[in-house]
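Visitor: build me a model from this:
(4 chains)
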Number of protein chains: 2
Amino acid sequence: MNKSAVLQAWQGHSKCLHCNVRKLALFADLNQNDFDLIHQPITEFDYDAGEVIYAMTDTPDYVYTIRSGLVKLVHDLANGTYRIVRILKQGDVAGIEALNGTAYLQNAVTLLPTSVCRIPVTEIERLNRESPRITKQLTARWYQAVSDADIWLSELTSGHSRRRIASFLLHLDDNKQAEQFYIPTREDIGAILGITTETASRIIAEFRRNGWISIDGSKANINRSFLQELVLSY
Amino acid sequence: MNKSAVLQAWQGHSKCLHCNVRKLALFADLNQNDFDLIHQPITEFDYDAGEVIYAMTDTPDYVYTIRSGLVKLVHDLANGTYRIVRILKQGDVAGIEALNGTAYLQNAVTLLPTSVCRIPVTEIERLNRESPRITKQLTARWYQAVSDADIWLSELTSGHSRRRIASFLLHLDDNKQAEQFYIPTREDIGAILGITTETASRIIAEFRRNGWISIDGSKANINRSFLQELVLSY
DNA sequence: TCTAGTCATTGATTATTGTCAATTGCAGGT
DNA sequence: ACCTGCAATTGACAATAATCAATGACTAGA
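Guide: Modelled structure (predicted):
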């Protein structure tokens, strides 16, 4: 496992206000006065790909905002396998369940080099008591988590694996932030869709032969129409 | 579709305070003063089995608390099939996503005769602004929704169908509120686990022959140890 | 009690996926 | 350029699940 670097730790009001991803994130609606309410430091962390941001066994004291990069939420199963329940991108919140004080529901692991802001739960609770402007964003973030979970559950685990993979690729394409999107390893795709690595590999290789997807390393482009047709017909 | 009956509509403070399922529900921590803040009526509805409490296409103006009965959240897929993403029981909240104002994420359909309280979103928002006591419960309910979705996603859609069914039966047994638990139709079990009706039927019939489950109509009992072993080994 | 309708079960067959194993491709380090 | 190691792909075969079809069981009404 690689080492992570702490870039900056600051008293909330100094830098958050001018953060260039804030408009996407949990603090989108806060103003100068709100930031002055923050007592504990908000810390920025940088991770290499494959590092653990938090584990299920960690005390749930922080919520994380993703500044850049990509994060998978990994649920370990009793039989030694694992499932990936969501992928988070810039502006998304990881570990919002810490606000309930019980436990993190999954492990958060970076897929790419990733930068996050670590926000103490105590500060979010304080803001929620003393400023109305965080409340709407919190509701939106909870909604996002439930909505994503439900969509993954209903869309990505239904039908044959060919349909699931097509559906997942379309989902990645919908959420891409550049011309290409990051395509996970075949093993991770298997853990997302509930199929084996080999099945994932076979079908993606087939899509590639069909010209429905072009892959260069971990970047990919798709031809949406063929995949959309496949999703509907199966 | 059957007809539903409105039992009572009241100004919040009069009956909620003495409601016998309140301690389980969203209003668990509220006091007399909090109830006095409620302006719009909270209405109790009774449904027969198979009725729709709300549909995805409805305007998301209400959150529902389940007083008794059982409710399935049904996500319709583009290809005409459907998936069940959760089952809700007494004390659970249905439609919490209405608080984000966008849309209901699924259709809520009763599995048994069911009684609910319909709470206007405006009243929850008012309470959230004016009383701190609802905030903790709201967080807990959002957490519950995310947690349930993630558990269903990771535990119930992993492995072969024999394992999934065993896992689901254990889940039902964990959440039972009496000696027996309600076992869904084989079609619904299929829609929950992402398998066909026939496969669900075959495996449950097999479990029955093995003596791992006994079924009387829609009520069932299980022998946990055999099923637990199966979940771990697969 | 009889009957229509729905749900559950089972059989036969095909299609899909998992499993085990080998090979190929590719990136980083020397 | 040459290893080394991991990821991706492919093959062969077995296991599992879907599909199509029929039968049995049960329930609400007539």
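Visitor: which residues of chain A lie near DNA strand C?
Guide: A:160-162, A:194-196, A:198-199, A:217 (C-beta under 7 Å from any atom of the strand). C-beta: built from backbone N, CA, C; applies to glycine.
Visitor: what subset of those is buried?
Guide: The neighbour-count test (16 or more other C-beta atoms under 10 Å in any protein chain shown) marks A:161-162, A:194-195, A:199 as buried among the residues of chain A next to DNA strand C.
Visitor: can you verify residue A:85 is assigned to a strand?
Guide: Yes - membership of residue A:85 in a strand is supported by DSSP: H, G, I helix; E, B strand; the rest coil.
Visitor: enumerate every residue touching it.
Guide: By C-beta atoms under 8 Å, 6 or more residues apart in numbering or on different chains, the residues touching residue A:85 are A:73-75, A:106, A:149, A:152, B:150, B:153-154.
Visitor: kindly report the same for residue A:156.
Guide: Contacts of residue A:156 (C-beta under 8 Å, 6+ apart): A:164, A:167-168, A:171, A:192-193.
Visitor: excluding covalently adjacent residues, which one is nearest to the residue most central in space within chain A?
Guide: Among the residues of chain A, the one closest to the centroid is residue A:88, at 1.1 Å (C-alpha atoms, centre = their mean). Leaving out its chain neighbours, the residue that sits closest to residue A:88 by C-beta to C-beta, 6 or more residues apart in numbering or on different chains is residue A:71, at 4.4 Å.
Visitor: show me what the helix or strand harbouring residue A:124 is packed against.
Guide: Using DSSP states H and E, residue A:124 sits within helix A:121-130. Counting contacts by 3 or more C-beta pairs under 8 Å, 6 or more residues apart in numbering or on different chains; DSSP states H and E, helix A:121-130 packs against strand A:62-68, helix A:133-155.
Visitor: using CSV, write out every CA atom in whichever helix or strand comes after the shortest one.
Guide: Proceeding N to C from strand A:62-68, the next assigned helix or strand is strand A:71-76, under DSSP H and E. Listed next in CSV are the C-alpha coordinates belonging to strand A:71-76 (Å, rounded to 0.1, in the frame of the first residue of the first chain):
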residue,chain,number,x,y,z
VAL,A,71,-13.3,6.2,-5.0
LYS,A,72,-15.0,2.8,-4.7
LEU,A,73,-17.1,1.7,-1.7
VAL,A,74,-16.2,-1.9,-1.0
HIS,A,75,-18.4,-4.2,1.1
ASP,A,76,-16.6,-7.3,2.3
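Visitor: mind listing what's buried along strand A:71-76?
Guide: By neighbour count on 16+ other C-beta under 10 Å, the buried set for strand A:71-76 is A:71-75.
Visitor: where do the strands sit along chain A?
Guide: Ranges of strands in chain A, per DSSP state E, are A:5-11, A:41-47, A:52-54, A:62-68, A:71-76, A:82-88, A:93-94, A:107-110, A:114-120, A:181-182, A:213-216, A:219-222.
Visitor: and those: which comes nearest DNA strand D?
Guide: Among the strands of chain A, the nearest to DNA strand D by C-beta to the nearest atom of the strand is strand A:213-216 (6.5 Å).
Visitor: ok, residue A:97 touching residue B:143?
Guide: Yes - here residue A:97 lies in contact with residue B:143, judged by C-beta atoms under 8 Å, at a distance of 5.5 Å.
Visitor: which bits of chain A sit near chain B?
Guide: A:75, A:77-79, A:81, A:83, A:85, A:96-97, A:99-100, A:102, A:105-106, A:128-129, A:132, A:135, A:139-140, A:142-143, A:145-147, A:149-150, A:152-155, A:157-159, A:194, A:231-234 (C-beta under 8 Å from any C-beta of the partner chain).
Visitor: among those, the buried ones, what's the PyMOL command?
Guide: Buried residues within the residues of chain A next to chain B, by 16+ other C-beta under 10 Å, are selected in PyMOL with:
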select buried, chain A and resi 75+77+83+85+96+97+99+100+105+106+128+135+139+140+142+143+145+146+147+149+150+152+153+154+155+157+158+159+194+231+234
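Visitor: now, which of the residues of chain A next to chain B lie close to DNA strand D?
Guide: Okay, of the residues of chain A next to chain B, nothing touches DNA strand D (C-beta under 7 Å from any atom of the strand).
Visitor: read off the pLDDT value for the closest residue to residue A:203 other than its chain neighbours.
Guide: Nearest residue to residue A:203, sequence neighbours excluded (C-beta to C-beta, 6+ apart): residue A:165, at 5.0 Å. The model reports residue A:165 with a pLDDT of 98.
Visitor: kindly report the same for residue A:35.
Guide: 89.
Visitor: same thing with residue A:111?
Guide: With respect to pLDDT, residue A:111 has a value of 96.
Visitor: residues touching it, list them.
Guide: A:49-50, A:69-72, A:87, A:182, A:184, A:188.
Visitor: quick one: which of those residues is nearest DNA strand C?
Guide: For the contacts of residue A:111, with DNA strand C as the reference and C-beta to the nearest atom of the strand as the criterion, the closest is residue A:49, at 10.7 Å.
Visitor: follow-up on the earlier one: from the contacts of residue A:156, which single one is nearest DNA strand C?
Guide: Closest approach to DNA strand C among these (C-beta to the nearest atom of the strand): residue A:164, at 7.3 Å.
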